[in-house]
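Coordinates only, no sequence provided:
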């Protein structure tokens, strides 16, 4: 029996009024329908899939929308890391804007819990240039804070984000807000003004780059003086308590500039080749007297500093470096006060290593000796002023000043430079280790360019005074 005959038989079967009424009820049709034809059967059979859903009849599971090629924003929001970045690249500018509005926390997590720098570097290199540019324009806060993205791109993105944030705050103030909100917005403007001031070129003439920017709460900012992509010597300056973006970023960037100048002078004086870059790194929320007693913020600093060092190595070890081998820069960390605790935690517990670690005014750390720290050749240096009370506190564990810790102690006392004859100043208290013209700045600069053998120690100073 062919298909037409079957259709006729079915039609005939449904022409029975009693049977038609039952079937029509099941199919959601009126049981009073007068005539059943091939057309009405086809129409009825086309309805149940939609109407059954409305009446809570279980339907077969067909899975979520496939990712890519028309995927929903909700599906994309379930992703993270590089998979999320891939989808954000494929969205149109309008879709990206909608995504940020709908899922701000998902976007924010790309900064708070970013993919590994090596994965980001690989992703960036394989993403088409036009797509990268579009993503940077639409999501500058994301691109600007991704470790593994080239520093020039991050600087451009973060400057865009900075300008947009300032403009948005002014627009809110002009529109009118409550007193509490106005105070908060003006405090944020003050913080962002400090970032803008810190980006002004200093005495060295080296361009400053905005490597990272977080405008939430008390903010975070990382500013490089010099070219991180090309420098032979890179020094990260990690701060301790009370060093916030609004209050101290300008001075902290000035400290990085002071060291860069000193390092450049010593390279020239010693007839050594090499370019220098220093990093004013306020990449974590530094403690105040309210929360200084705990290690929570030190762990935050540990992980953020780890990401920054890994980011440097990912950028310098990318495809371009593979084609033209780059041994990478000589990397040093100069850490002050609570920042020294964060730095030692990073080098003890995380997957990074550096060429030199310089600790000043340290309250200690869980590390018990230089053997616990991933520093090349145990190249760990430590110093403290006689009038600095923090190292004597022993609040966070082993004290790197102790002889059995194994660090080399350098001098911060007033002296005459044994090479140049320059008069160098003493350090008084806890905060002046980076003051221009001090023994401390001279010695940390030499250590940061791999010339620690020329750093003065108190023993050397004693011998010099005897003569």
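Everything's here; your move. The structure presented is a predicted model; accordingly, all values stated were derived computationally and were not measured.

Make sure residue 241 is actually in contact with residue 338.
Yes: with contact defined as CB atoms under 8 Å, residue 241 counts as touching residue 338 (5.0 Å). Any C-beta I mention is one placed from the backbone N, CA and C, and that applies to glycine too.

shared neighbours of the two, anything?
286, 287, 292 (CB atoms under 8 Å, 6 or more residues apart in numbering).

ChimeraX command to pick out the buried ones of the residues you listed?
Buried subset of the shared contacts of residue 241 and residue 338, written as a ChimeraX selection, criterion 16 or more other CB atoms under 10 Å:
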select :286,287,292
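
Can you flag which of the shared contacts of residue 241 and residue 338 belong to strands?
The members of the shared contacts of residue 241 and residue 338 all map outside strands under DSSP state E.

okay, the shared contacts of residue 241 and residue 338 in CSV with pLDDT and distance to residue 309 next?
Compiled in CSV, the shared contacts of residue 241 and residue 338 are given as follows (pLDDT from 0 to 100; distance: CB to CB, whole Å):
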residue, pLDDT, distance to residue 309
286, 95, 18
287, 94, 22
292, 84, 25
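
What are the boundaries of the strands in this protein?
For the chain, the strands defined by DSSP E cover 208-214, 220-225, 233-238, 276-282, 330-336, 356-360, 380-383, 408-409, 415-416, 423-424.

Show me what the third one pairs with in its sheet, parallel or antiparallel.
Taking DSSP bridges as the criterion, strand 233-238 pairs within the sheet with strand 276-282 (parallel), strand 330-336 (parallel).

thinking again about what came up before, comparing residue 241 and residue 338, which shows the higher neighbour count?
residue 338 (28 against 19; other CB atoms under 10 Å).

Okay, the more buried one and residue 113: tell me how far apart.
Residue 338 sits 23 Å away from residue 113, taking CB to CB, to the nearest Å as the criterion.

Where does the prediction get shaky in the stretch 201-350 of the chain?
318-325 (pLDDT under 70).

Name the residues linked to residue 235 by a beta bridge.
Taking DSSP bridges, one obtains residue 278, residue 332 as the residues bridged to residue 235.

Which residues are in contact with it?
Contacts for residue 235 (CB under 8 Å, 6+ apart) come out as 256, 259, 263, 276, 277, 278, 279, 331, 332, 333, 334, 448.

gap between it and residue 225?
Distance from residue 235 to residue 225, by CB to CB: 10 Å.

can you check residue 294 too?
Distance, residue 294 to residue 225, by CB to CB: 32 Å.

repeat for residue 348
The spacing between residue 348 and residue 225, counted by CB to CB, is 28 Å.

Tell me which of those two has more neighbours.
The neighbour count for residue 348 versus residue 225, taken as other CB under 10 Å, is higher for residue 225 (30 against 15).

right, and the more buried one touches residue 278 too?
Yes: with contact defined as CB under 8 Å, residue 225 counts as touching residue 278 (5.0 Å).

who touches both of those two?
256, 257, 260.

The last one: what's it in contact with?
It stands for residue 260. 204, 206, 225, 226, 276, 277, 278.

contacting residues for the closest residue to it other than its chain neighbours?
Nearest-residue entry for residue 260: residue 278, 4.5 Å, with adjacent residues in sequence omitted and distances by CB to CB, 6 or more residues apart in numbering. For residue 278, the contact set (CB under 8 Å, 6+ apart) comprises 224, 225, 226, 234, 235, 237, 256, 257, 259, 260, 263.

Just give me the closest of those to residue 344.
Proximity of the contacts of residue 278 to residue 344 (CB to CB) peaks at residue 237, which lies at 15.4 Å.
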